[in-house]
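Novice: Structure for this input, please:
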Amino acid sequence: MSKITKKSFQTSDNAKKTKFKVALAEEKIELKALRELCFGECVQLCFFFQILLNYLPLDQTLWDSFLKKQRELYDQFLKEMIIQPGIAKANLGLSREDVTMEDHPLNPNPESRWNNYFKDNEVLLQIDKDVRRLYPDMAFFQRPTDFPCQLILDPQNEYETLRRRVEQTTLKAQTVDRNRSGVTNVSSPGKALNLYPSNEYEVLPNGCEAHWEVVERILFIYAKLNPGIAYVQGMNEIVGPIYYTFATDPNTEWKEHAEADTFFCFTNLMSENRDNFIKSLDDSQCGITYKMESVFSMLKEKDVELYMKLQEQNIKPQYFTFRWLTLLLSQEFLLPDVIRIWDSLFSDQDRFDFLILVCCAMLILIRDQLLAGDFTMNMRLLQDYPISDVHTILMKAKELQDSS
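Specialist: Model (predicted):
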């Protein structure tokens, strides 16, 4: 098992480093103490996320056996959902010209041998499109990982990778782009296959894969295991920071198993956040509409003047808080700042209540500009948030929380 070393800690506060080491010195971690230490810090250690997202058990003596079991389970998912379908397709020996109308992807017969494969391809094409443009301002996701999936990239077998599957996919049906609101764009298969000019992404040597390909695999496995929600645009923005944290951890063992550990942590986080992605739940108490209105209810309680100003200008919470809440602010700040916000967010026992406080704090911190601006100016401010100091935002959110 990876040991926690002095060089692991990214926080610059020596006193905090000592407290972290003391908190982790016990065989059984005290969760309350760990949460308090993580709040407001830029810890950037994967096992903190793993504990706070209820993946790693608090008893450190169980870590070895638990992680071994979970990583073996993820390998089994890869075999069943990526490797075996690719083998089955190859064994059929069918090219696209050989597909008869009886076995056509539009055939509603669930017994069709191609039906599920092509349904999966529709989901895969959307995932592929989204993960390739994940954090375009950083080179990280385009770079090769030091730990490509040997199970799939086995040179002895030449299994079909998801990337190759996308490149070879030809649907005679229309490809449907699906986002949070449902069907939004219908394009021809030929157009879908030309989304990425050949020179836009570096072609890596055989046996290598980019970090975005790892994220693609995680999302595809999640979609297969959760057919009720499958994949919805925006999930890539949630899994990205988790994977980045794990894949850049100072400890080699954590980095080596970043894919499997990210999958389970993402699954746990989505179990808490998935209602935001289900349109039929929008107007329920657990849906996104209720949460967006909660931001304005909190603002009314904390700053009624600013609340009235936004009401007068008919600036509705859904105009900007939908993205803030659904994507956990992952598109509002640079990735290192997103991770710092998430350290605090995940540290709070009521993490999504705290997210509402963070959103409210973001509004109050730009109250002077909002009070002085007209509708157009204020919408620009809210769509492109001007404050980059996340520590100030977190401290304001904590102040609001303490005064509640």
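
Novice: And Phe246, how far from Leu219?
Specialist: Relative to Leu219, Phe246 is positioned 15 Å away (criterion: CB to CB, to the nearest Å). Backbone N, C-alpha and C define where each C-beta goes, glycine included.

Novice: I meant Phe375, not that one.
Specialist: Here Phe375 is placed at a distance of 37 Å from Leu219 (CB to CB).

Novice: Could you do Trp342 as well?
Specialist: 18 Å.

Novice: swap in Val123?
Specialist: 9 Å.

Novice: So for the two, which sits in the more crowded spot?
Specialist: Leu219 (26 against 19; other CB atoms under 10 Å).

Novice: Not counting its neighbours along the chain, what's nearest that one?
Specialist: Counting by CB to CB, 6 or more residues apart in numbering, the nearest residue to Leu219 once its immediate chain neighbours are dropped is Ile127, at 4.8 Å.

Novice: Please compute how far stretch 61-80 lies from its chain's middle.
Specialist: A distance of 21 Å separates the centroid of the chain from that of stretch 61-80, by CA atoms, centre = their mean, to the nearest Å.

Novice: May I see the buried residues of that stretch?
Specialist: Neighbour counts using 16 or more other CB atoms under 10 Å place Leu67, Gln70, Arg71, Tyr74, Phe77, Leu78 of stretch 61-80 among the buried residues.

Novice: okay if I get the residues you listed as CSV plus secondary structure and distance to Met292?
Specialist: Converted to CSV, the buried residues of stretch 61-80 look like this (DSSP: H, G, I helix; E, B strand; the rest coil; distance: CB to CB, whole Å):
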residue, secondary structure, distance to Met292
Leu67, helix, 38
Gln70, helix, 35
Arg71, helix, 38
Tyr74, helix, 35
Phe77, helix, 34
Leu78, helix, 37
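
Novice: My guess is Leu355 contacts Leu327. True?
Specialist: No - with contact defined as CB atoms under 8 Å, Leu355 and Leu327 do not form a contacting pair (10.7 Å).

Novice: Tell me which of those two has more neighbours.
Specialist: Between Leu355 and Leu327, counting by other CB under 10 Å, Leu355 is the more crowded of the two (24 against 20).

Novice: now Arg323: how far from Gln233?
Specialist: Where Gln233 is concerned, Arg323 sits at a distance of 11 Å (CB to CB).

Novice: In this structure, where is pLDDT below threshold?
Specialist: Judged against pLDDT under 70, the low-scoring parts of the chain cover residues 1-17, 40-44, 88-114, 170-202, 280-284.

Novice: which residues in it form strands?
Specialist: Counting by DSSP state E, the chain has strands at residues 175-179, 182-187.

Novice: end-to-end on stretch 325-333?
Specialist: The distance separating the two terminal residues of stretch 325-333, taken as CA to CA, to the nearest Å, comes to 13 Å.

Novice: Show me the helices in the stretch 51-200 of the chain, by range?
Specialist: 63-78, 84-92, 115-131, 162-168, 189-193 (DSSP state H, counting those that start in this stretch).

Novice: residues contacting Met235?
Specialist: Each residue near Met235 by CB atoms under 8 Å, 6 or more residues apart in numbering is listed here: Leu219, Tyr222, Met270, Phe277.

Novice: Can you give me the neighbour number for the last one?
Specialist: Around Phe277 there are 20 other residues, counting by other CB under 10 Å.

Novice: Touching, it and Gly228? I think so.
Specialist: No - using CB under 8 Å, Phe277 is not in contact with Gly228, being 10.6 Å away.

Novice: Could you give the number of residues near Phe246?
Specialist: 23.

Novice: could you measure it against Lys79, distance?
Specialist: Using CB to CB, one gets 22 Å for the distance from Phe246 to Lys79.

Novice: got it, and Pro250?
Specialist: In this structure, Pro250 and Lys79 are 31 Å apart, going by CB to CB.

Novice: check contacts around the residue nearest to Asp59 when sequence neighbours are not counted.
Specialist: For Asp59, the nearest residue in space outside its immediate sequence neighbours is Lys28; the separation is 5.0 Å by CB to CB, 6+ apart. When the contact criterion is CB under 8 Å, 6+ apart, the partners of Lys28 are Leu58, Asp59, Gln60.

Novice: Lys28 and Gln70, how far apart?
Specialist: Applying CB to CB to Lys28 and Gln70 gives a distance of 20 Å.

Novice: Next: Leu125.
Specialist: When distances are taken as CB to CB, Leu125 and Gln70 turn out to be 29 Å apart.

Novice: do the same with Tyr290
Specialist: Taking CB to CB as the criterion, Tyr290 is separated from Gln70 by 33 Å.

Novice: And for Glu332?
Specialist: As for Glu332, its distance to Gln70 is 32 Å (criterion: CB to CB).

Novice: cool, and Val295?
Specialist: 36 Å.

Novice: Check the spacing between Lys137 and Pro241 real quick.
Specialist: Careful, residue 137 is Asp; it's not Lys. Counting by CB to CB, the gap from Asp137 to Pro241 is 14 Å.

Novice: show me the contacts for the nearest residue to Asp303 once chain neighbours are set aside.
Specialist: By the measure of CB to CB, 6+ apart, the closest residue to Asp303 outside its immediate chain neighbours is Ile364, 5.4 Å from it. Contact partners of Ile364, counting by CB under 8 Å, 6+ apart, are Leu299, Lys302, Asp303, Leu306, Lys396, Leu400.

Novice: among those residues, who's most crowded?
Specialist: Leu299 (24 neighbours).

Novice: so it sits right up against Lys309, yeah?
Specialist: No - in terms of CB under 8 Å, Leu299 does not count as a neighbour of Lys309; the distance is 10.2 Å.

Novice: still on that earlier bit, may I see the buried residues of stretch 61-80 arranged in CSV, with distance to Val338 as well?
Specialist: Written out in CSV, the entries for the buried residues of stretch 61-80 read as follows (distance: CB to CB, whole Å):
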residue, distance to Val338
Leu67, 25
Gln70, 25
Arg71, 26
Tyr74, 25
Phe77, 27
Leu78, 28
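
Novice: out of those, who's nearest Glu256?
Specialist: Glu256 has its nearest neighbour among these in Arg71, at 9.7 Å by CB to CB.

Novice: Would you mind measuring from the closest one to Asp130?
Specialist: Distance, Arg71 to Asp130, using CB to CB: 26 Å.

Novice: In the stretch 301-404 of the chain, what residue spans correspond to helices?
Specialist: Along the stretch 301-404 of the chain, the segments classed as helices by DSSP H, counting those that start in this stretch run 304-312, 321-326, 335-347, 351-365, 367-372, 375-383, 390-402.
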